[in-house]
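Asks: here you go, sequence then predicted model.
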Amino acid sequence: MPKVKTHSGAKKRFKRTASGKFKFGHAYKRHLLTGRSQKRKRQARNGAYVPDAHHHQIALLLPYKD
């Protein structure tokens, strides 16, 4: 069997935790922040986890990610 390629975009955006979940950082935090509310900017600071419903999709993109 040939090796499966890791998705280049996904490997930059997701990290697999020790328990096997995928962690990611929120988008929309780089520029044009003056038009956004403090609550929206504050919540975007924190990371989040991929929901269980989408876990299988990310796992296909990152076959070797540890």
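Replies: Sure, I can see it. Numbering: from 1, shown residues only.

Asks: hang on, Ala44 is in a strand, isn't it?
Replies: No. Judged by DSSP: H, G, I helix; E, B strand; the rest coil, Ala44 forms no part of a strand; its state is helix.

Asks: how much space separates it from Leu61?
Replies: Ala44 sits 23 Å away from Leu61, going by C-beta to C-beta, to the nearest Å. In this view, the C-beta of every residue, glycine as well, is placed from N, C-alpha and C.

Asks: and Phe14, how many neighbours?
Replies: 20 (other C-beta atoms under 10 Å).

Asks: show me which positions of stretch 53-63 end up buried.
Replies: By neighbour count with 16 or more other C-beta atoms under 10 Å, stretch 53-63 contains the buried residues 58, 61-62.

Asks: got TSV for those, with pLDDT and distance to His7 too?
Replies: Shown next, in TSV, are these (pLDDT from 0 to 100; distance: C-beta to C-beta, whole Å):
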residue	pLDDT	distance to His7
Ile58	96	9
Leu61	95	4
Leu62	95	7
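
Asks: separation between the residue positioned nearest the centre of the chain and Val50?
Replies: Most central in the chain under C-alpha atoms, centre = their mean is Phe24, positioned 2.8 Å from the mean C-alpha point. Going from Phe24 to Val50 by C-beta to C-beta gives 7 Å.

Asks: need the residues touching each of the two.
Replies: Common contacts of Phe24 and Val50, defined by C-beta atoms under 8 Å, 6 or more residues apart in numbering, comprise Phe14.

Asks: now do the SS call for the residue nearest to the centre of the chain.
Replies: strand.

Asks: hey, what's it bridged with?
Replies: Phe14, Ala48 (DSSP bridges).
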